[in-house]
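> Could you look at this predicted model? Sequence included:
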Amino acid sequence: MPRLALVTAIAAAALDDDLVPLLDACARAGITTQVRAWDDPSVAWSRFDAVLLRSPWDYTERLGEFLDWCGHVSTRSHLLNPLPVVRWNTDKHYLAALAERSVPVVATRFVEPDMDPLPTLQAFLAEHPQAAELVVKPSVGAGSRDAQRYSRDQEFAAANHIARLLDADRSAMLQPYLASVDRDGETALMFFEGRFSHAIRKGPLLQRDEGPTEHLFAAEEITARIPGQDELALAERVLAAAAECLHLQAPLTYARVDLIRDDDGSPRLLELELCEPSLFFLHAPGSADRFAALMAGTLHGVPAA
């Protein structure tokens with residue numbers, strides 16, 4: 001039987017709602033599966049036919065170490081998704097690359113460690129006079145950690161947040177907070193080997209006058225959702241643009257496209273998750289089995305039906 005490693009972090013293993021349904025589905029698909037922490041030095045990764053990134057959610061604090069580990073594993077097994085994808089997707093500067101390919105991305109300004117926080121913030125606010133609120137977050141981050149929502153009149157607090165990130169040699173991101181998020185939430189669309197599987201609605205994560213979460217990730221309100229045709233079309237466009245950026249020759253094993261609607265009601269890309277996304281199997285009956293069937297085909301070296 002083919003052997004698959006599901007990669008987590010010690011702090012995240014009990015928090016990954018996808019693990020149990022995926023383990024059960026893999027067993028039904030005839031895959032021998034083990035859950036392993038990415039930074040466990042005792043693991044012999046060459047013993048696995050494939051290594052699937054699932055919930056290594058502490059990598060944002062140790063990105064260099066994590067990418068070195070991914071490179072190590074790539075020489076000993078089949079890393080999913082592959083190393084070039086992980087390198088590109090773990091830093092949200094990829095949004096700029098997609099915007100250059102005319103993908104409608106939520107307006108984003110990156111603030112680099114050598115920039116002055118307050119003037120940069122003020123220039124951003126001047127560019128978006130209609131934005132009553134904004135979001136400050138790191139370019140390398142997950143689970144809404146170190147992300148916070150501010151009103152326009154909190155520019156000094158927001159600038160201090162930016163400065164803390166820059167002082168830690170981290171790039172920051174500024175985005176308008178779109179009012180539709182409080183009403184409609186986000187739509188996350190899951191794709192397996194380039195095919196749409198299912199979607200969920202994620203309720204608003206960032207609350208007014210609430211600091212960044214101190215947990216591994218912010219608590220989420222998740223429900224199943226049928227995406228609009230415009231959302232599905234945009235998600236497919238995003239994946240096509242990412243394939244161009246990465247010079248991909250085949251669809252990725254998994255992808256999650258997170259969208260929100262702008263003030264005109266049009267969908268825009270908030271994030272593209274190609275490294276370690278929650279796939280919300282519990283909210284889509286049969287989705288874990290579909291994914292496991294695709295994995296079985298990959299592990300046996302034949303295309304999935």
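Okay, I see it.
> Identify the residue nearest the geometric centre of this structure.
By Cα atoms, centre = their mean, the mean C-alpha position of the chain lies nearest to E273, the distance being 3.1 Å.
> Tell me the spacing between the spatially closest residue to that one that is not a sequence neighbour and A199.
Nearest non-adjacent residue to E273, counting by Cβ to Cβ, 6 or more residues apart in numbering: R256, 4.0 Å away. Backbone N, C-alpha and C define where each C-beta goes, glycine included. Distance of R256 to A199, computed by Cβ to Cβ, to the nearest Å: 10 Å.
> and if you look at L269?
As judged by Cβ to Cβ, L269 and A199 stand 14 Å apart.
> circling back: what is in contact with R256 and A199 at once?
By the contact definition Cβ atoms under 8 Å, 6 or more residues apart in numbering, R256 and A199 are jointly contacted by A188, L189, M190.
> related to what we said a few turns ago, residues in contact with the residue nearest to E273?
Listed by Cβ under 8 Å, 6+ apart, the contact set of R256 reads A188, L189, M190, F191, L272, E273, L274, P277, S278, L279.
> The stretch 201-305 of the chain: helices as residue ranges?
Counting by DSSP state H, counting those that start in this stretch, the segments of the stretch 201-305 of the chain that form helices are 229-246, 287-299.
> what comes into contact with the first one?
Outside of helix 229-246, the residues within contact range by Cβ under 8 Å, 6+ apart are 84-85, 88, 94, 97-98, 101-104, 187, 189, 191, 194, 196, 199, 227, 248, 251-252, 255, 257, 259, 266-269, 272, 274.
> starting at the chain centroid, how far to that helix?
With Cα atoms, centre = their mean, to the nearest Å as the basis, helix 229-246 stands 15 Å off its chain's centre.
> what is the mean pLDDT for it?
Computed over helix 229-246, the mean pLDDT rounds to 98.
> What residues sit buried inside that helix?
Within helix 229-246, the residues scored as buried using 16 or more other Cβ atoms under 10 Å are E231, L232, L234, A235, R237, V238, L239, A241, A242, L246.
> Could you dump the residues you listed into a markdown table with distance to S46 added?
Formatted as a markdown table, these follow (distance: Cβ to Cβ, whole Å):
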| residue | distance to S46 |
| --- | --- |
| E231 | 41 |
| L232 | 39 |
| L234 | 40 |
| A235 | 35 |
| R237 | 38 |
| V238 | 34 |
| L239 | 31 |
| A241 | 34 |
| A242 | 29 |
| L246 | 26 |
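> Give me the helix or strand of the chain that scores worst on average pLDDT.
The weakest-scoring helix or strand in the chain, judged by mean pLDDT, DSSP states H and E, is helix 180-184 (a mean of 92).
> so what does that one touch, helix or strand wise?
If contacts are counted by 3 or more Cβ pairs under 8 Å, 6 or more residues apart in numbering; DSSP states H and E, helix 180-184 sits against strand 254-261.
> Quick check, pLDDT for H215.
45.
> Ignore what I typed, I meant L19.
pLDDT recorded at L19 is 96.
> So what's the residue count around it?
Counted with other Cβ atoms under 10 Å, residues neighbouring L19 total 19.
> That one: what's it in contact with?
By Cβ under 8 Å, 6+ apart, the contact set of L19 is L6, T8, A13, V35, R54, S55.
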